[in-house]
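Peer 1: quick one: sequence and predicted model below, then my questions.
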Amino acid sequence: DALNQHSSAGFQVPSTPSSPCMTFGYTAVNLGFSGSWTFQNTAATTGTLSFNWHYTGFHAYFQVSAALQVFSGGNTVSLYSAGPANCCSSPSGGFDVQGTGTIAVTQGVPFGFKTIGSNSDSNDTLDGTLVITNFALLPATTTTLTSSSNPSVSGQSITLTASVSPSTATGTVTFLDGEASLGTGSLNASGVATFPTAPLSVGTHLLTASYGGDANDARSTSTQLSQVVKVGTATSLTSSPNPANPGQSVSLRATVTPSSATGTVTFFDGGSQLGQSALSNGVATLATTTLASGTHSLTAGYGGDATNIASASLAVGETVYSRVSISTTSLPQGKVGQSYSAGLGASGGAGFYSWTASGLPAGLAFSSSGSISGTPTAPSSGSVSITVNDSSGQSAFTSLSLVITATPVVVSGNGSLGDVAVGTPV
């Protein structure tokens, strides 16, 4: 027609898939011709159309272009496009191209094919033929993609897993990094394909899984998976002093390699967070006085940054001694002239105990091992000041009462003094 635009009321799907569902030829002999031909139908159901196409033609030599599109609703997919070109770059002088295609269709929405051609040659020739075969509406599939580790460490392989629904789908899945193919995997009986990648470079990779379809299932492509690859790190932890006394400040030092890593380190006592500290030249420190008596499993966790992956240290066993205390609460009484012995006891702290005492009654001595011994020489009633020290530097003090009594006078004889007259000296 005057606009050089043509359309068809529709085309039919043949009973035999290999038979052409559409064969179209055009010939135009107008100088400077540019035309398009559209063939469409209305989808009777929702799904994915698959088809083979074969597009051939001869366009005269100058400013030649040729194109083929498939569309559904507002979605248009280019199957072939070339030109404008002069002799003798394709499509000028002739073309013969073919391939396969798919497009998602929706029930009640028009879909179809469009051919486009043009030339600007005095030969006035624009010929073309389009044949569509193996036209089939396949059930839609869904492909999802997961990674075994995200973020991952540079230099290490990751395993990509594609799951296709329905699980009865067969065939292969192509795993892509952007537009570059990483490799393929075959679907197992559960509709799952896996692929172990070669190590990926540091940075963000946009990965997809493309299922190629089979005789009963349409093709589908997963949404993009943003795979982040970071530099590996190592975190180590030290604590000082170790062991420590109750209430003593314990300094924790985390070292992260590489030293260029930035971010924060979190310090833990078992599952409880002690605090956080920012890295400076690969080092983060934290001082704490909150550790109770006992053994603590301390760790440091580096949170990672844009380039470096998170890591955690091995556990460091930190011992905090219990407080030293004197367990003896009283001393036995003694008597003048009689042998005396008493031992003192202590608990907590570390290592061996060393004792000192002052204020002992006359005749008694004190041992550094914590014992009082000797023979009192005089009555006494007072307090003894006692101090114990352990090997970690802790000490404890107490004051205990110690009483020394006089020895009673005992008179011995035959039990009778005899008779005495009044006024007679005895």
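Peer 2: Perfect, thanks for sending it. All values reported here derive from a predicted model rather than from experimental measurement. Numbers count the residues shown, from 1 in each chain.
Peer 1: switch to C-alpha atoms for all contacts and neighbour counts from now on
Peer 2: Will do.
Peer 1: which residues in the stretch 1-150 of the chain form strands?
Peer 2: 5-8, 22-28, 34-42, 47-59, 64-72, 75-85, 95-105, 110-118, 126-138, 142-147 (DSSP state E, counting those that start in this stretch).
Peer 1: now render the ones you listed as a markdown table, adding mean neighbour count, distance to residue 359 and mean pLDDT.
Peer 2: Output for the strands of the stretch 1-150 of the chain, formatted as a markdown table (neighbours: other CA atoms under 10 Å; distance: least, CA to CA, whole Å; pLDDT from 0 to 100):
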| stretch | mean neighbour count | distance to residue 359 | mean pLDDT |
| --- | --- | --- | --- |
| strand 5-8 | 12 | 121 | 41 |
| strand 22-28 | 14 | 120 | 59 |
| strand 34-42 | 18 | 113 | 81 |
| strand 47-59 | 20 | 102 | 81 |
| strand 64-72 | 22 | 106 | 88 |
| strand 75-85 | 16 | 103 | 87 |
| strand 95-105 | 17 | 102 | 86 |
| strand 110-118 | 22 | 110 | 85 |
| strand 126-138 | 21 | 104 | 76 |
| strand 142-147 | 20 | 78 | 97 |
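Peer 1: need those in CSV with distance to residue 315, can you?
Peer 2: Formatted as CSV, the strands of the stretch 1-150 of the chain follow (distance: least, CA to CA, whole Å):
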stretch, distance to residue 315
strand 5-8, 75
strand 22-28, 72
strand 34-42, 67
strand 47-59, 56
strand 64-72, 61
strand 75-85, 58
strand 95-105, 55
strand 110-118, 64
strand 126-138, 57
strand 142-147, 29
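Peer 1: among those, which comes closest to residue 189?
Peer 2: With CA to CA as the criterion, residue 189 lies closest to strand 142-147 of the strands of the stretch 1-150 of the chain, at 15.1 Å.
Peer 1: contacts for that closest one next, please.
Peer 2: Strand 142-147 has contacts (CA atoms under 8 Å, 6 or more residues apart in numbering) with 158-166, 208-211, 220-223, 225, 227.
Peer 1: and the next helix or strand past that strand?
Peer 2: strand 152-153 (DSSP states H and E).
Peer 1: show the average pLDDT along that following strand.
Peer 2: Averaged over strand 152-153, pLDDT sits at 95.
Peer 1: that one pairs with which strands?
Peer 2: Neighbouring strands of strand 152-153 in its sheet, by DSSP bridges, are strand 225-230 (parallel).
Peer 1: mind saving the C-alpha coords of the partner strand as CSV?
Peer 2: Only the C-alpha atoms of strand 225-230 are listed here, as CSV (Å, rounded to 0.1, in the frame of the first residue of the first chain):
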residue,chain,number,x,y,z
LEU,A,225,23.0,-13.2,41.1
SER,A,226,25.5,-10.6,42.3
GLN,A,227,28.5,-12.7,43.3
VAL,A,228,31.1,-10.8,45.3
VAL,A,229,34.7,-12.0,45.3
LYS,A,230,37.0,-10.6,48.0
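Peer 1: can you tell me which of the contacts of strand 142-147 are buried?
Peer 2: 158, 160-165, 208-211, 220-222, 225, 227 (16 or more other CA atoms under 10 Å).
Peer 1: point out the least confident member of those, please.
Peer 2: Ranking the buried ones among the contacts of strand 142-147 by pLDDT, residue 220 lands last with 89.
Peer 1: wouldn't that one be in contact with residue 211 here?
Peer 2: Yes. Assessed by CA atoms under 8 Å, residue 220 is found in contact with residue 211 at 5.3 Å.
Peer 1: returning to that earlier point: just to be sure, which of the contacts of strand 142-147 are found in helices?
Peer 2: Nothing among those maps onto helices, per DSSP state H.
Peer 1: check the average confidence over the host helix or strand of residue 274, would you?
Peer 2: Assigned by DSSP H and E, residue 274 belongs to strand 272-278. Averaging pLDDT along strand 272-278 yields 97.
Peer 1: hey, C-alpha coordinates of that strand in PDB?
Peer 2: Written as PDB, here are the backbone C-alpha positions of strand 272-278 (Å, rounded to 0.1, in the frame of the first residue of the first chain):
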ATOM      1  CA  SER A 272      29.100 -12.600  74.600                       C
ATOM      2  CA  GLN A 273      30.400  -9.500  72.900                       C
ATOM      3  CA  LEU A 274      33.100  -7.600  74.900                       C
ATOM      4  CA  GLY A 275      33.400  -4.600  72.500                       C
ATOM      5  CA  GLN A 276      34.500  -3.400  69.100                       C
ATOM      6  CA  SER A 277      37.600  -1.600  67.800                       C
ATOM      7  CA  ALA A 278      38.600   0.000  64.500                       C
END
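Peer 1: by contact count, what packs against the helix or strand that comes right after that strand?
Peer 2: Per DSSP H and E, the first helix or strand lying C-terminal to strand 272-278 is strand 283-288. Here strand 283-288 touches strand 250-257, strand 264-269, strand 272-278, going by 3 or more CA pairs under 8 Å, 6 or more residues apart in numbering; DSSP states H and E.
Peer 1: helices and strands of the protein: which one has the lowest mean pLDDT?
Peer 2: strand 5-8 (a mean of 41; mean pLDDT, DSSP states H and E).
Peer 1: coming back round to it: report the angle between the strand holding residue 274 and strand 283-288.
Peer 2: 140 degrees (axes from the mean of the first three to the mean of the last three CA atoms, to 10 degrees).
Peer 1: so what pLDDT did residue 1 get?
Peer 2: 27.
Peer 1: quick one: stretch 314-321 to chain centroid distance?
Peer 2: Centroid displacement of stretch 314-321 relative to its chain, using CA atoms, centre = their mean, to the nearest Å, is 26 Å.
Peer 1: wait, I meant stretch 404-412
Peer 2: That offset, for stretch 404-412, works out to 84 Å (CA atoms, centre = their mean).
Peer 1: just the buried residues of that stretch, please?
Peer 2: In stretch 404-412, counting by 16+ other CA under 10 Å, buried: 404-405.
Peer 1: same check on stretch 187-196?
Peer 2: 187-188, 191-196.
Peer 1: can you list contacts of that stretch?
Peer 2: 157-173, 175, 183-186.
Peer 1: and the average pLDDT for it is what?
Peer 2: On average, stretch 187-196 scores 98.
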